[in-house]
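Engineer: Provided below are the primary sequence and the corresponding predicted coordinates.
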Amino acid sequence: MVPTVPLPRLPLDPSDRTRRWYENELGWTTVPGSPVRLATGMRFDVLEVPAEAGFAALRHLGPTSPVALHRNPPKRHADSGESGESTDSGDPRDSGARETVFRAPHGDSGDSAVGPADSPSRRGGRPVRRGARMRLLVAAGSAEELPGLLDWLEWGALALDLTAIGVGGSIGAPLPPGMPEGPLSAGGSGPQGAAVWLRPPEPGCEVESSLPTLSAMGGGGGAPDLVRLVDTMATQCHRIRLRRACAQPLAFS
């Protein structure tokens, strides 16, 4: 009898390792397909804003509140609404703006948040490409509360670059901490690695207790206050909008 030699094992696909980390280590629900996507509306919702606005709001979060950065925002697609994914602001200057950088505050940019192309300098904070989007995890149900909350804060009448992703939506899964990043594509949503964690979730910890929630208004509990978070991000989004409007060349007839 001729002994059989087992075939060599194929290396584990990076997307499989990513999916296993989210499902086994965190207990989060992923969406079938590749690259890996995280289902929203179950354990958390997501608020997405320009990274500039998001950095200003980080002070309202707890130290374990997960925050991600998407460095290569998806372009507009006819079917983009199916996943609940946000789209670009439509500003014609956005494509060129992504080639410039702004300085993130010290201690909030995160080493894993920027790739080699984003410059190694730490002076004045880590550089982050303009056009990057920040995704802040918030309590499940917050996406449904956002329109009413903005109205209550008297922001509802303004067009703000503030998006909520809740039930039926999904976001690209940021690479787990320590996993090497792949190259980013020039356009589209990019491969796994376009999104990275600024403040990663902690395995073994229930994420819900660290998420901003409407019930924390006034600081009575241990969870971050969703109202203060949204108000700060809305203010910063409005400032960015005004700055872009002022930068527009005047049209003369």
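Structural biologist: Cool, the structure landed. Numbers count the residues shown, from 1 in each chain.

Engineer: residue ranges with poor pLDDT in the stretch 151-253 of the chain?
Structural biologist: For the stretch 151-253 of the chain, the stretches flagged by pLDDT under 70 are 181-193, 216-222, 250-253.

Engineer: Helices of that one, start to end?
Structural biologist: 226-247 (DSSP state H, counting those that start in this stretch).

Engineer: And the contacts of stretch 200-219?
Structural biologist: Taking Cβ atoms under 8 Å, 6 or more residues apart in numbering as the criterion, the residues outside stretch 200-219 that touch it are 25-26, 28, 43-44, 60-62, 64-66, 112, 136-140, 142, 145, 149, 174, 176-177, 221-227, 229. Heads up, the C-betas are built off the backbone N, CA and C, glycines and all.

Engineer: One more pass at 7 Å, please.
Structural biologist: Residues outside stretch 200-219 that contact it (Cβ atoms under 7 Å, 6 or more residues apart in numbering): 25-26, 43-44, 61-62, 64-66, 137-139, 142, 145, 177, 221-227, 229.

Engineer: And for stretch 231-248?
Structural biologist: Residues external to stretch 231-248 that are found in contact with it (Cβ under 7 Å, 6+ apart): 47, 49-50, 52-54, 56-57, 60, 91, 150, 153, 155, 158, 160-162.

Engineer: Identify each buried residue in it, please.
Structural biologist: Judged by neighbour count using 16 or more other Cβ atoms under 10 Å, the buried positions of stretch 231-248 are 231, 232, 233, 234, 235, 236, 237, 238, 240, 241.

Engineer: Now render the residues you listed as a markdown table, adding distance to residue 211.
Structural biologist: What follows is those, written out as a markdown table (distance: Cβ to Cβ, whole Å):
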| residue | distance to residue 211 |
| --- | --- |
| 231 | 17 |
| 232 | 16 |
| 233 | 15 |
| 234 | 19 |
| 235 | 21 |
| 236 | 20 |
| 237 | 21 |
| 238 | 24 |
| 240 | 25 |
| 241 | 27 |
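
Engineer: Pick out whichever of those sits closest to residue 17.
Structural biologist: Proximity of the buried residues of stretch 231-248 to residue 17 was ranked by Cβ to Cβ; the top entry is residue 233 with 32.5 Å.

Engineer: measure the closest one to residue 58 for me?
Structural biologist: Spatial separation of residue 233 from residue 58 under the definition Cβ to Cβ, to the nearest Å is 10 Å.

Engineer: And the contacts of stretch 231-248, which of them are buried?
Structural biologist: Neighbour-count burial (16+ other Cβ under 10 Å) applied to those gives 47, 49-50, 52-54, 56-57, 60, 150, 155, 160-162.

Engineer: Before I go, just wanted to say thanks for your time.
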